[in-house]
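[1] Sharing a model prediction with you, sequence too.
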Number of protein chains: 2
Amino acid sequence: MTDQILKIEKALDRFAPETDALYKTVTDAMRYSLLGGGKRVRAVLTLEFCKLCGGTEEAAMPFACAVEMVHAYSLIHDDLPCMDNDDMRRGKPSNHKVYGENMALLAGDGLLTKAFETALSFEALRAVGAERAARAASVLAFCAGERGMVGGQCVDLETENQIVPLDVLRVKDTGKTANLIMAACMMGCIAAGADEERIEAAKDYALHIGLAFQIRDDILDVVGDAQELGKNIGVDAQNNRCTYVSLLGMERAQALVDEHTRAAIDALEVFGGETTFLHDFALQLASRSK
Amino acid sequence: MTDQILKIEKALDRFAPETDALYKTVTDAMRYSLLGGGKRVRAVLTLEFCKLCGGTEEAAMPFACAVEMVHAYSLIHDDLPCMDNDDMRRGKPSNHKVYGENMALLAGDGLLTKAFETALSFEALRAVGAERAARAASVLAFCAGERGMVGGQCVDLETENQIVPLDVLRVKDTGKTANLIMAACMMGCIAAGADEERIEAAKDYALHIGLAFQIRDDILDVVGDAQELGKNIGVDAQNNRCTYVSLLGMERAQALVDEHTRAAIDALEVFGGETTFLHDFALQLASRSK
């Protein structure tokens, strides 16, 4: 675990709900999913964009934690029987398998709520002031809401088992995957007090790496190694899912990944500073095998 | 419909998600529950406390709408099969009966998210500034979260069919009912720029009317008129629910309602202004028959 991830885990533990005798089950359930590991990609992006715009780690951390809380809530609700009905998540039983459906529902609701409590916490306001905190939290709400992640989920449910045009697939993946990454990157800039041009550039970078990530995901479901990926492959084809690969074929799908990656890297130009990490991060996503 | 309620309905319609062709089902589902009527008690309290503290209706409205959004989300999730499994709400089919469980789950998530988007909207910030908006939204998050409404739901689930001591019943009802009323009243004061003493007094008032409301609810389940109430009575006894009436008996339960009502009215003292509405509102709750 890198030093940065360690710091994120520590901060998450601090912002996470305390285990309370009165509300033990729901606080346990919230902690189970929030602190249950994961790559913390979104939190890292918040910290990196804040640093790139001249902000401190302290300024970015509440927002980095808030975006991880929204991510954790979305996974809990996604796994519920009425949604994907997944029993496992990251090699562990999913939240409702451990705590029951009703507590998992509440734990998701609680984490979504906690995200805003965290982004507007005393610590956040002390570090960046009310104006930036309010702006960051409002970006998070927009990206997580019905024109963002919730909207993407809706499109996903409505187009299940359908062959959809490429632009609908893009709307779905932008909603489901890219939007929260956009919130992560934009909040980093906002916490640092960046100007609109840089906030917009961070949004572009996030959109493109988000889409590249999702298309690469579709590709790996065909050519990936199940053991390396830690999940079964061929699942999309089995379920007749409409993916970038089924619509475009393998070669054009990978070309699209490369195109989005180039666009993401181009978006970094306006930031004068040290963009090596974000540059390499985009490249790694494009060629990742797990 | 009073003029005030009419204004609230108009504002809710404006802040509600637009019906979007892409996300039609989830936006329809969100609008169905948010704009589906209700007494708007919480929104009215936000407006009244803001007025009492010298603030404008314009300043209070985004927060009044935000608290109604949180209330609407909580009803949708409450009605889901894994929770109370209620098919009807306010004389209409509940959200999941119309839109399906998965869309109802998303609609609830979307409304909770939208509450924070609304409280931190351009309109909110323009009316009250970032500092008050951030404070109000953070109070809403706290009151809706795991030490508030979500916590109350957790206690409710965990003590189902159990006889619990009075203090546990109080924790449950504070969480489930009083907390969102507290958020409504406190946000009204915060929007007006009230001092801490008045914010605390609004919180006290809300706590006491919230508890009085809940105890009166338990009483009406025994002595109420089903037709007037618009719901069946005797439900608590049938389900062996532990209530204030089952713990204290009818007489002491009503005495407790009166005690909370007096405490609520006492809390209004620090506000020099015109408190007739809030005074009468507390009294009406104490003797309501529907």
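    Great, that's in hand.
[2] by contact count, what packs against the helix or strand harbouring A:Ala282?
    Assigned by DSSP states H and E, A:Ala282 belongs to helix A:276-287. Using 3 or more C-beta pairs under 8 Å, 6 or more residues apart in numbering or on different chains; DSSP states H and E, the elements in contact with helix A:276-287 are helix A:41-52, helix A:196-223, helix A:250-267. C-beta coordinates here come from the backbone N, C-alpha and C atoms, glycine included.
[3] interface residues of the stretch 151-290 of chain A facing chain B?
    A:Gly151, A:Gln153, A:Cys154, A:Val155, A:Leu157, A:Glu158, A:Val171 (C-beta under 8 Å from any C-beta of the partner chain).
[4] change it to 6 Å
    Residues of the stretch 151-290 of chain A found near chain B (C-beta under 6 Å from any C-beta of the partner chain) are A:Gly151, A:Gln153, A:Cys154, A:Leu157, A:Val171.
[5] which of these has the most neighbours?
    Neighbour counts for these peak at A:Cys154, which has 28 neighbours (criterion: other C-beta atoms under 10 Å in any protein chain shown).
[6] Looks like that residue contacts B:Lys24 (just checking).
    No - contact criterion C-beta atoms under 6 Å: A:Cys154 and B:Lys24 do not qualify, at 8.1 Å.
[7] Provide the secondary structure category for A:Asp86.
    Secondary structure assignment for A:Asp86 (DSSP: H, G, I helix; E, B strand; the rest coil): coil.
[8] so how many other residues sit close to the closest residue in space to it that isn't next to it in sequence?
    Residue nearest to A:Asp86 in three dimensions, not counting chain neighbours: A:Asp79, with 4.3 Å by C-beta to C-beta, 6 or more residues apart in numbering or on different chains. As a burial measure, A:Asp79 scores 22 neighbours (other C-beta under 10 Å).
[9] Please apply the same query to the one 4 residues further on.
    The burial metric for A:Met83, expressed as a neighbour count using other C-beta under 10 Å, is 17.
[10] For A:Ser121, give its distance to A:Leu47.
    Remark: distance between A:Ser121 and A:Leu47 (C-beta to C-beta, to the nearest Å) = 17 Å.
[11] For these two, work out which one has more neighbours and name it.
    Using other C-beta under 10 Å, the more surrounded residue of A:Ser121 and A:Leu47 is A:Leu47, with 25 against 21.
[12] State the pLDDT value of the more buried one.
    What the model reports for A:Leu47 is a pLDDT of 98.
[13] Next: A:Thr25.
    In this prediction A:Thr25 is given a pLDDT of 96.
[14] That one against A:Ala104, yeah?
    No - judged on C-beta under 6 Å, A:Thr25 makes no contact with A:Ala104 at a distance of 10.3 Å.
[15] Using the three-state scheme, assign the residue nearest to A:Lys92 when sequence neighbours are not counted.
    In space, A:Lys92 comes closest to A:Gly36 once its chain neighbours are excluded; the distance is 6.3 Å by C-beta to C-beta, 6+ apart. Under the three-state scheme (three-state DSSP), A:Gly36 adopts coil.
[16] can you count the residues close to A:Gly36?
    The tally of other residues near A:Gly36 (other C-beta under 10 Å) stands at 14.
[17] Check the one 10 residues further on too.
    For A:Thr46, the neighbour count with other C-beta under 10 Å is 35.
[18] More neighbours: A:Thr25 and A:Ala104, which one.
    More crowded of A:Thr25 and A:Ala104, by other C-beta under 10 Å: A:Ala104, with 25 against 17.
[19] State the helix or strand in which the more buried one lies.
    Per DSSP H and E: A:Ala104 is located in helix A:101-119.
[20] Next up, the contacts around A:Leu256.
    For A:Leu256, the contact set (C-beta atoms under 6 Å, 6 or more residues apart in numbering or on different chains) comprises A:Ile215.
[21] change it to 10 Å
    A:Leu256 makes contacts with A:Leu166, A:Arg170, A:Leu211, A:Ala212, A:Ile215, A:Arg216, A:Ile219, A:Tyr244, A:Leu248, as judged by C-beta atoms under 10 Å, 6 or more residues apart in numbering or on different chains.
[22] which one among those gets closest to chain B?
    Using C-beta to the nearest C-beta, the shortest approach to chain B within these belongs to A:Arg170, at 11.1 Å.
[23] now the closest one, what's its secondary structure?
    A:Arg170 - assigned by three-state DSSP - is helix.
[24] Quick check: pLDDT value at the spatially closest residue to it that is not a sequence neighbour.
    Leaving out its chain neighbours, the residue that sits closest to A:Arg170 by C-beta to C-beta, 6+ apart is A:Leu211, at 6.9 Å. Per-residue confidence (pLDDT) for A:Leu211: 97.
[25] Quick check: A:Leu211 vs A:Met187, distance?
    The spacing between A:Leu211 and A:Met187, counted by C-beta to C-beta, is 20 Å.
[26] do the same with A:Ala134
    12 Å.
[27] list the residues that contact both of the two?
    Shared contacts of A:Ala134 and A:Met187, defined by C-beta under 10 Å, 6+ apart, are found at A:Ala119, A:Val128.
[28] From what I see, A:Phe63 and A:Ala137 are in contact.
    Yes - the criterion here is C-beta atoms under 10 Å, and A:Phe63 meets it with A:Ala137 at 8.1 Å.
[29] Common neighbours of those two, please.
    Counting by C-beta under 10 Å, 6+ apart, the common neighbours of A:Phe63 and A:Ala137 are A:Ala115, A:Thr118, A:Ala119, A:Ala124, A:Ala183, A:Met187, A:Ile190.
[30] how many neighbours does the first one have?
    Burial of A:Ala115, expressed as a neighbour count using other C-beta under 10 Å, amounts to 32.
[31] Looks like it contacts A:Ala141 (just checking).
    Yes - counting by C-beta under 10 Å, A:Ala115 does reach A:Ala141; the two are 9.1 Å apart.
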